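> Generate a structure from the sequence data that follows.
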Amino acid sequence: MNVHDAAGRPPGAAAVVVGGGLAGTSAALALADAGLRVTLLEGRPRLGGLAFSFKRGDLTVDNGQHVFLRCCVAYLRFLDRIGAADLVTLQDRLDVPVLDAEGLRLGRLRRTALPVPLHLAASLATYPHLSLTERASVGRAALALRGLNPRDPALDAVDFGSWLREHGQSPRTVEALWDLVGIATLNATAADASLGLAAMVFKTGLLSDPGAADIGWASAPLGELHDGRAREALDKAGVRTVLRARASRVAREGDGPWEVEAETGPGRAERITADAVVLAVPQRETYDLLPEGALDDPEALLRIGTAPILNVHVIYDRKVLRQPFFAAIGSPVQWVFDRTEHSGMNPDEGQYIALSQSAAQDEIDLPVAELRDRYLPELERLLPAARGATVRDFFVTRERTATFAPTPGVGALRPGPHTRAPGVYLAGAWTATGWPATMESAVRSGLQASRAALTALGHPFDPHPFDIEGLEPA
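Prediction:
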């Protein structure tokens, strides 16, 4: 076993970050920017965690459709930091086409420049998928929601669906509005979601600032952002990035420095000495790596459930969708995105669309043939132009543990960045950021953990990267 002592690097504190997803990458950059010697260990042959791309023939395919909102300020700063802001598209103003499969009636959820909550008033007043009475009930519920404190522990124990019923929301209203947004952001239906997390999503996204919910998405493959540009930024910051390196043990002797053992290949291992260790991996891996006594109740990590996301990919021989995306109601189809140019496909040769299906517990393990029989007829029902089109390719991507499950009570299980082991910190979208499992939550967790480490080391750092509303203080 070789001992890596960062030979040739400037003297000073050293840190090891375990996990090269958005949480680990943001933590590594923040620590390196503050002057620490940082080693980033990632078990996969790439960075990016669960927001990545792969090759399928001539196409570059994202494993799933990832979007962000204008209120995702930590993720937007992360894109700036890695030099990838030019690779995303952000709406000037929120505009979501919503297609009702029954009758193919199209409505839109969009905002104006008026102050909150008037910015959505005109859209809701003319939203064709709800009755006049239902639209009025939405306004009353929104005002009640605006008065909630998402950080109130009492809200964590209540499910959002029950709260909506108590506030006069019909099943149709839940389907055509609350779940339309909530399933995509929480990865759960209202009935299965914590009221605290739901309140955070709707207050921050729709009831905080007129532009908060403007939608953004990658206009290039995710791998170019979260792997390519991120790796370049890490290299420039002096971070030593080791891919295909799986951490196996975090320990120390007495009050000495931490040692992280990692398997770096067949018969190869490395021991890295560090003053600070950030574990930016999923709950189960974190549980396995935690030093004894690091948490009062480490078993709580294993009680944080997971939720799947299914993505259905269809290549047609012609254009069938004439807008970047739309959402559907009255159909098993949830959200549909045009991925043609983003994947490198020539638009003159057809169209590549992707269906993003959240809260997909009932479908995640279905055979491809069954999914094909279910979704191709639905697409033909929703998109008349698809009825005469030839399907050139059909495939699915499955993330069985895409997010943590935002069920009632999960807030009490999510740990913050600190542990009882001095110098060991936690990061990941599943930690206590106040956000659901999003790219924003992942980046915030990395910033929380790195700030906690820098503060404990008494290391001077630029506060700007951490100057984000709602970021937990160290």
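> so Ala190 sits right up against Leu197, yeah?
No - here Ala190 lies out of contact with Leu197, judged by CB atoms under 8 Å, at a distance of 11.0 Å. Placement of C-beta: from N, CA and C, glycine included.
> what about these two, which has more around it?
Between Ala190 and Leu197, Leu197 has the larger neighbour count (other CB atoms under 10 Å), namely 26 against 22.
> Now the common contact residues for Ala190 and Leu197.
Where contact means CB atoms under 8 Å, 6 or more residues apart in numbering, the residues bridging Ala190 and Leu197 through contact with each are Phe160.
> Surely Arg108 is within a strand?
Yes - with DSSP: H, G, I helix; E, B strand; the rest coil as the criterion, Arg108 is part of a strand.
> Show me the beta-bridge partners of it.
With DSSP bridges as the criterion, the beta-bridge partners of Arg108 are Pro97.
> ok, how many other residues are close to it?
For Arg108, using other CB under 10 Å, the count is 14.
> ditto for Leu289
Number of residues near Leu289 (other CB under 10 Å) recorded here: 21.
> Can you get me a residue count around the residue nearest to Leu457 when sequence neighbours are not counted?
Leaving aside its chain neighbours, Leu457 sits nearest to Ala13 (5.4 Å; criterion: CB to CB, 6 or more residues apart in numbering). Under the neighbour criterion other CB under 10 Å, Ala13 is assigned a count of 19.
> you'd agree Ala13 is up against Arg37?
Yes - between Ala13 and Arg37 there is a contact at 7.2 Å, judged by CB under 8 Å.
> List the beta-bridge partners for Leu279.
Using DSSP bridges, the beta-bridge partners of Leu279 come out as Val18, Leu426.
> was I right about it contacting Val16?
No - taking contacts as CB under 8 Å, Leu279 lies outside contact range of Val16: 9.4 Å.
> Gln91 and Ala300, how far apart?
Distance of Gln91 to Ala300, given as CB to CB, to the nearest Å: 38 Å.
> Compare neighbour counts for the two and give me the winner.
Looking at Gln91 and Ala300 with other CB under 10 Å, you find the greater number of neighbours at Gln91, namely 18 against 15.
> wouldn't that one be in contact with Ala212 here?
No - taking CB under 8 Å as the contact criterion, Gln91 and Ala212 are not neighbours in contact, 11.7 Å apart.
> where exactly do the helices run in the stretch 251-400 of the chain?
Across the stretch 251-400 of the chain, reading from the start of the chain, the helices by DSSP state H, counting those that start in this stretch fall at 283-289, 368-382.
> Give me the mean pLDDT for the shortest one.
By that I understand helix 283-289. Over the span of helix 283-289, the pLDDT mean works out to 98.
> Over to stretch 356-363?
pLDDT averaged over stretch 356-363 gives 98.
> For that stretch, buried residues please.
By neighbour count on 16 or more other CB atoms under 10 Å, the buried set for stretch 356-363 is Ser356, Gln357, Ser358, Ala359, Ala360, Glu363.
> And the residues you listed, which is closest to Trp163?
Proximity to Trp163 was ranked across those by CB to CB; first place goes to Ala359, at 18.1 Å.
> what sits against that closest one?
Contacts of Ala359 were listed using CB under 8 Å, 6+ apart, and they are Ile183, Asn187, Ala188, Thr189, Asp192, Ala307, Pro308.
> Mind checking which of the residues you listed are in helices?
In this view, the contacts of Ala359 that belong to helices under DSSP state H are Ile183.
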